[in-house]
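Asks: I'll drop the sequence and a predicted model, then ask my questions.
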Amino acid sequence: RDGNNALMLAFNREREQATFPSTDEVRLLANASGGEAAMLEDVQGKICLHRAVEDGAPMDILQALVEANPDTLTAKTRDGNNALMLAFNREREQATFPSTDEVRLLAN
């Protein structure tokens, strides 16, 4: 898998334009193929939840990705980090501490 599905492309657009895809777009694309689209890795071995957490996406986008496929919560990057670990890494790198709601969602 090369990470070039519609969901990953929506997050690529987010990085280029500095705006997140809409929650409705994420829901629609993440639920493609029974939620398998949410588990597709990019060339760096990250799924969309990993990228959304790293970029500080709004809670509704994180929730949509998790609802599409709960396995996203335990998926790890090539470095062995899950989404919760990435949220705390973001705090260290960008000084944006994860919210209580974000920690609750990602710790499930």
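Replies: Everything's here; your move.

Asks: Give me the next element, helix or strand, following the strand or helix carrying Leu49.
Replies: Under the criterion of DSSP states H and E, Leu49 resides in helix 48-54. Once the chain leaves helix 48-54, the next helix or strand it forms, by DSSP H and E, is helix 59-68.

Asks: buried sites along that following helix?
Replies: For helix 59-68, a neighbour-count test (16 or more other C-beta atoms under 10 Å) marks Ile61, Leu62, Gln63, Ala64, Leu65, Val66, Glu67, Ala68 as buried. For every residue, glycine as well, the C-beta is placed using N, CA and C.

Asks: Export the residues you listed to TSV and append columns for pLDDT and distance to Leu29.
Replies: As requested, those are arranged in TSV below (pLDDT from 0 to 100; distance: C-beta to C-beta, whole Å):
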residue	pLDDT	distance to Leu29
Ile61	96	11
Leu62	97	15
Gln63	97	15
Ala64	97	9
Leu65	97	10
Val66	98	14
Glu67	97	13
Ala68	97	9
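
Asks: From the residues you listed, pick the one nearest Arg90.
Replies: Leu62 (12.3 Å; C-beta to C-beta).

Asks: show me what contacts the closest one?
Replies: If a contact means C-beta atoms under 8 Å, 6 or more residues apart in numbering, then Leu62 has Leu49, Ala52, Val53, Ala83, Glu102, Leu105, Leu106 as its contacts.

Asks: Confirm for me that the third one is in contact with Arg90.
Replies: Going back to what we said before, that points to Val53. Yes: under the criterion of C-beta atoms under 8 Å, Val53 lies in contact with Arg90, with a separation of 6.7 Å.

Asks: more crowded one of these two?
Replies: Val53 (27 against 18; other C-beta atoms under 10 Å).

Asks: where are the low-confidence patches of this structure?
Replies: Within the chain, the segments meeting pLDDT under 70 span 1-3.
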